[in-house]
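Undergrad: Curious how this folds, go ahead:
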Amino acid sequence: MKSILVQLDDETMAQLEQVAPAKKRARTEFIRQAIKSALDRSEFDRIREGYRLQPDSADEADDWSDPLEWNPGPEGA
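TA: Coordinates of the predicted model:
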């Protein structure tokens, strides 16, 4: 696992200490999860923008108008 050094201003550090104290590596895990969450949001935004630029046509789109009637077929069962 790689390590990085991050410098924070005093206000940000105080806020971080409130939600993720240094004890028991809570701060490290909090920062790790925050980075993963930001990367996931970035990927989601990239995919959403792709669909916005090139939406599915009516023929390509799945019909989710009545999810209770949706049948995934034998491979989804």
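Undergrad: And the longest helix seen in the chain, what's buried?
TA: Assignment by DSSP state H gives helix 26-53 as the longest helix of the chain. Residues of helix 26-53 classed as buried by neighbour count (16 or more other Cβ atoms under 10 Å): residue 27. Glycine gets a C-beta too; all of them are placed from N, C-alpha and C.
Undergrad: ok, now stretch 59-71?
TA: Buried residues in stretch 59-71 (16+ other Cβ under 10 Å): none.
Undergrad: which helices and strands does the longest helix of the chain pack with?
TA: Using 3 or more Cβ pairs under 8 Å, 6 or more residues apart in numbering; DSSP states H and E, the elements in contact with helix 26-53 are helix 10-19.
Undergrad: mind listing what's buried in the helix it packs on?
TA: So helix 10-19, judged by 16+ other Cβ under 10 Å, has buried residues residue 16.
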